[in-house]
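In: Sequence and predicted model, in that order:
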Amino acid sequence: MAERRVGQAQGYCYDDTLSWCNEVANSDNELLACAFLNEHPVGVALLVECDLQSHDYWRPWLSSLYVPVEHRGKRIGEALMSAICAAAKNGGSSDLYLYAATGWLTAYYTRFGWRSVERIEESGNMFEVMKKQL
């Protein structure tokens, strides 16, 4: 199965994503978590105040969890997710939100205790808004 490029489908390019990551990394209330293997980055995840403007009443959000294909299956994504959950909990949050393309991504998050709270359509793609109690 080919990997879906949801960000690209929504009109985002690599430079847009890099710029956003830099903003988060330099923020006082958001967090950029990176995983490294032999000094090479092998994964990233963000803790952001709001990742979906239409749902800005829910805060905070796990965003942009990504592990390159060649490093998947090594529990890197799980470790990044755990780090973001811990940071959100340490910041006083009792719940954390994310949105993911319906299908294999939502199945992945479900394995780690996330549950769907709403299905939405954005730019012609179906997504699940998901919640995890911390």
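Out: It's in. Residues are numbered from 1 along each chain as shown.
In: hey, what's the residue nearest the centre of the chain bridged with?
Out: The residue lying closest to the centre of the chain (Cα atoms, centre = their mean) is Ser63, at 2.6 Å. Beta bridges link Ser63 to Leu46, judged by DSSP bridges.
In: Give the full set of residues in contact with it.
Out: Ala45, Leu46, Leu47, Val48, Asp51, Leu98 (Cβ atoms under 8 Å, 6 or more residues apart in numbering). For the C-beta atoms, the positions are set from N, CA and C on the backbone; glycine is no exception.
In: Distance-wise, check it relative to Asp28.
Out: Using Cβ to Cβ, to the nearest Å, Ser63 is found at 17 Å from Asp28.
In: got it, and Arg72?
Out: The gap separating Arg72 from Asp28 is 32 Å, by Cβ to Cβ.
In: Looking only at neighbour counts, state which of the two leads.
Out: The neighbour comparison of Arg72 against Asp28 (other Cβ atoms under 10 Å) goes to Arg72, with 14 against 4.
In: For the more buried one, give me the pLDDT.
Out: On the pLDDT scale, Arg72 is placed at 93.
In: ok, the residue of the chain most remote from its centre to Ile120 distance?
Out: Centroid-distance maximum for the chain: Asn38 at 23.6 Å, with Cα atoms, centre = their mean. With distances taken as Cβ to Cβ, Asn38 is found 39 Å from Ile120.
In: about what we covered before: quick check: phi and psi at the residue farthest from the centre of the chain.
Out: Main-chain dihedrals, Asn38, degrees, to the nearest 10: phi 50, psi 50.
In: Distance check, it against Trp114.
Out: Asn38 sits 30 Å away from Trp114, taking Cβ to Cβ as the criterion.
In: same question, Glu128
Out: 9 Å.
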